[in-house]
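A.B. asks: Compute the structure for the input listed below.
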Amino acid sequence: MYKKVDTGLNFVKREQEVLDFWKENHIFEKSVQENADGQEFTFYDGPPTANGKPHIGHVLTRAIKDLIPRYRTMKGYKVLRKAGWDTHGLPVELEVEKQLGINGKPQIESYGIEPFIQKCKESVWKYKSEWEKMSDHVAYWADMEHPYVTYEDDYIESEWWALKKIAEKGLLYKGHKIVPYCPRCGTALSSHELLSAVGKLAAEYGRIGGNLNQIARYLNEYGAPYNALSGEVRAAIADLAALKYEVLKKVGDAVGNTQAYQL
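C.D. replies: Model (predicted):
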């Protein structure tokens, strides 16, 4: 029933044989169909953005996210595992700006909003095949052929529908929150976007040998104005770049913005 294990086994070849067996015999689909009458357990993939390459961190998260759907399937649940793609966000827009050689909202408007949106839609699929290949090789089972895509109308309308239902139940409230704002990009910034800028600053500081004027121009170009940085993020800049408070002050002075270093 079982083949004898070759002592000179080529693990890469063996892995591919297993992947081919799964695909040729539709093992994933059968694992779902086998529990067709079972209680449903819903799993929607927290979607990555395919305009960036997958890395070791994504391998780890995909492996972990695969555990619960497999466990529920083994317990007899019908688990429809739906893959997804995140196709929105400031990083996508900044990447397209670099591709087009433009900088900032006025130049985007001069280029044309609709053509710019189309370029963004094209950009988000840049590394789709690499994501699918990585997912296969870490045995991440999800429906890649019928994913949800966040820029498609049916997804957007479903989000508005859910928001409407939440509002009808009286579960929404109006509040106030102070958030960092980027005047260059014309939008609020998430903590992830700010920390991404911090990492770029640290890397750039090392690359150019600490020339403060160059750092100031670099950070401004990539959409992280100094007055948007919280004290916590400025501390992270100091940690990552091995800089002290005095250096941050010099950076602020270099761009004529004292808010850069005021706590």
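
A.B. asks: what's around Asp45, how many residues?
C.D. replies: Asp45 has 22 neighbours, counted by other CB atoms under 10 Å. For glycine as for every other residue, the C-beta is placed from the backbone atoms N, C-alpha and C.

A.B. asks: what stretches of the protein score poorly on pLDDT?
C.D. replies: Low-confidence segments of the chain (pLDDT under 70): 1, 191-263.

A.B. asks: show me where it has strands.
C.D. replies: If DSSP state E is used as the criterion, the strands of the chain fall at 40-44, 78-85, 143-149, 181-182, 187-188.

A.B. asks: which one of these is the most hemmed in?
C.D. replies: Each of those was scored by mean neighbour count; the highest is strand 78-85, a mean of 19, by mean count of other CB atoms under 10 Å.

A.B. asks: Quickly run through the sheet partners of that one, with directions.
C.D. replies: In the sheet, strand 78-85 lines up against strand 40-44 (parallel), strand 143-149 (parallel) (DSSP bridges).

A.B. asks: would you list those strands in CSV and tack on distance to Ala167?
C.D. replies: As requested, the strands paired with strand 78-85 are exported to CSV (distance: least, CB to CB, whole Å):
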stretch, distance to Ala167
strand 40-44, 22
strand 143-149, 23
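
A.B. asks: Out of the ones you listed, the one nearest Val12 is which?
C.D. replies: Nearest to Val12 among these is strand 143-149 (22.1 Å), distances taken as CB to CB.

A.B. asks: The strands of the chain: which one's closest to Tyr173?
C.D. replies: strand 187-188 (18.9 Å).

A.B. asks: so how far is the closest one from its chain's centroid?
C.D. replies: For strand 187-188, the separation from the chain centroid amounts to 17 Å (computed by CA atoms, centre = their mean, to the nearest Å).

A.B. asks: repeat for stretch 153-163
C.D. replies: 20 Å.

A.B. asks: Residues touching it, excluding its own?
C.D. replies: By CB atoms under 8 Å, 6 or more residues apart in numbering, the surrounding residues in contact with stretch 153-163 are Tyr148, Val149, Thr150, Leu172.

A.B. asks: Start and end of stretch 93-110, how far apart?
C.D. replies: Start and end residues of stretch 93-110 are separated by 15 Å (CA to CA, to the nearest Å).

A.B. asks: Check which residues of that stretch are buried.
C.D. replies: For stretch 93-110, the neighbour count (16 or more other CB atoms under 10 Å) marks Glu93, Leu94, Glu95, Val96, Glu97, Asn103, Lys105, Ile108 as buried.
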